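Trainee: Structure for this input, please:
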Amino acid sequence: MTEKTELELKVSVALKEFVETNRPSNKVKPNLSAVTTAISELPLTKLEYWERYIRDEYDNALASGHSNKWAFWQKNTPPVTLLDLCSWDGFRREKALRAIGQTVLNRFFLALVLRRLNDWVPQVRQAAQGILSKVLVNSEPSYVADAIFFTLSHWSSWKRVDDSNRNTLLNTLSNREITNHLKMKLLYSSSGPLVLVMSEIGRTCFLDSSLEVIAVKAIQPSLRAKAYRSLFEGKSSWFAGREWEWTDRRYGEGRRKALVATRILTIKIQRLPTLLLAANDRSSLVRRVAAEMLIKELDNLSDNESLGLAKKFSNDPSIAVAERGNFALKKLAGGTLF
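Mentor: Numbers count the residues shown, from 1 in each chain. Predicted coordinates:
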């Protein structure tokens, strides 16, 4: 048996203390403050693990703290609290959701509420849908931003979330404070599915005005490349599902083809200055995008501008960038029909 980490120990101790001080026979409203403090430190990146851990530890604490076979007349069913968002019991998960007021005072519990939109029990999903709008509007914007960031990075695999819930979540980004928090996370996070998150946010126009800043200043190279591509193409794109495509009907062969949806951006850029910025980026991923865009823009640039950039790319240490630079030089010299 492996030793528990410091965070695991904090959560375990808080749950045991909660069970001891909030017995079912008590008529005092359960006080979750100590548990909330401990859980607030948990990272959302491991939400599924922590949900399972809290459920198991809470069940163990209840089993050791509430069982009294001699006092069988006492009520041994614990009251429904936010901890029941992790419960095995769908009835308790539903009751926990319906007991939530106007706000959720913890980013972890807020993420669990959003996770319940994909719950396998229809009544639990309905309860989560019923409170979704009010908790997103009334909760702390930084908590909402963190919970939305987590959700956007996972919901392409959540098959039970309907379009109305997706739209409700995305419309929350009209709150400038929430959008600013998300922008900061995109700018200063060095790992994670940032491209996926930005693609999902790209369904709306709320981040359009920040794309140039993200393209220049984001830490993650693949995110900068995605931002530059969106700016050059003048549109955002995102994964919109899959459809079946026949490759050979005679033999019943086919494949599932990815569908990509797009939206025209609400901003315009100065193409040459933006191209120069991308061409001098420290990452070959970004320079590759710039080289591709140079090939597309050759007819819209002057000969000197095109030739200078093509030579720069042809001497790039990245083979992929250099190939595109050489292709641009051949095209300028009339050596290719494409």
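Trainee: now for the helix or strand hosting residue 111, which elements pack on it?
Mentor: Per DSSP states H and E, residue 111 falls inside helix 107-115. Secondary-structure packing of helix 107-115 (3 or more Cβ pairs under 8 Å, 6 or more residues apart in numbering; DSSP states H and E): helix 33-39, helix 47-66, helix 122-138, helix 141-152. (C-beta placed from N, C-alpha, C; glycine too.)
Trainee: Mind listing what's buried along the second one?
Mentor: By neighbour count, with 16 or more other Cβ atoms under 10 Å as the criterion, the buried positions of helix 47-66 are 47, 50-51, 53-55, 57-58, 61-62, 65-66.
Trainee: With stretch 274-293 instead?
Mentor: 274-275, 277-279, 281, 284-293.
Trainee: residue ranges for the strands of the protein, please.
Mentor: 235-248, 253-264 (DSSP state E).
Trainee: since we're on residue 14, how many residues are nearby?
Mentor: Residue 14: 21 surrounding residues under other Cβ atoms under 10 Å.
Trainee: mind starting the numbering at 231 from now?
Mentor: Sure thing, new numbering starts at 231, so read that last one as residue 244.
Trainee: Which residues outside stretch 497-507 are in contact with it?
Mentor: The contact list for stretch 497-507 (Cβ atoms under 8 Å, 6 or more residues apart in numbering) reads 438-439, 441-442, 445-446, 458, 461-462, 464, 520, 523-524, 527, 530-531, 535, 539.
Trainee: where does the chain dip in pLDDT?
Mentor: Scanning the chain for pLDDT under 70 picks out 231-233, 253-258, 295-306, 565-568.
Trainee: and stretch 261-276, how far apart are its ends?
Mentor: 25 Å (Cα to Cα, to the nearest Å).
Trainee: Tell me which residues of it come out buried.
Mentor: Neighbour counts over stretch 261-276 (16+ other Cβ under 10 Å) mark 262, 265-266, 268-269, 272, 274 as buried.
Trainee: where's residue 290 relative to residue 283, distance?
Mentor: In this view, residue 290 and residue 283 are 11 Å apart by Cβ to Cβ, to the nearest Å.
Trainee: Please apply the same query to residue 234.
Mentor: Taking Cβ to Cβ, one finds residue 234 at 9 Å from residue 283.
Trainee: cool, and residue 263?
Mentor: Distance of residue 263 to residue 283, given as Cβ to Cβ: 20 Å.
Trainee: swap in residue 525?
Mentor: 52 Å.
Trainee: thinking again about what came up before, can you say which of the strands of the chain is nearest to residue 381?
Mentor: strand 465-478 (14.5 Å; Cβ to Cβ).
Trainee: That closest one: partners in the sheet, and parallel or antiparallel?
Mentor: strand 483-494 (antiparallel) (DSSP bridges).
Trainee: I would like the residues contacting the strand it pairs with, please.
Mentor: Strand 483-494 is contacted by residues 432-433, 435, 464-478 when judged by Cβ under 8 Å, 6+ apart.
Trainee: Dump the helices and strands packed on helix 337-345 to CSV, plus distance to residue 414.
Mentor: Formatted as CSV, the helices and strands packed on helix 337-345 follow (distance: least, Cβ to Cβ, whole Å):
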stretch, distance to residue 414
helix 263-269, 23
helix 277-296, 21
helix 352-368, 19
helix 371-382, 9
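Trainee: Residue 406 is nearest to which of these?
Mentor: Nearest of the helices and strands packed on helix 337-345 to residue 406, taken as Cβ to Cβ: helix 371-382 at 9.1 Å.
Trainee: Near the closest residue in space to residue 544 that isn't next to it in sequence, how many other residues are there?
Mentor: Residue nearest to residue 544 in three dimensions, not counting chain neighbours: residue 555, with 3.4 Å by Cβ to Cβ, 6 or more residues apart in numbering. By the criterion of other Cβ under 10 Å, residue 555 has 25 neighbours.
Trainee: was I right about residue 555 contacting residue 540?
Mentor: Yes - under the criterion of Cβ atoms under 8 Å, residue 555 makes contact with residue 540 at 5.5 Å.
Trainee: Would you mind listing the residues touching both of those two?
Mentor: Shared contacts of residue 555 and residue 540, defined by Cβ under 8 Å, 6+ apart, are found at residue 524.
Trainee: Among the buried residues of stretch 504-523, name the ones in helices.
Mentor: Those of these mapping onto helices are 504-505, 507-509, 514-523, per DSSP state H.
Trainee: So which of the buried residues of stretch 261-276 is the closest to residue 411?
Mentor: Nearest to residue 411 among these: residue 274, at 13.4 Å, using Cβ to Cβ.
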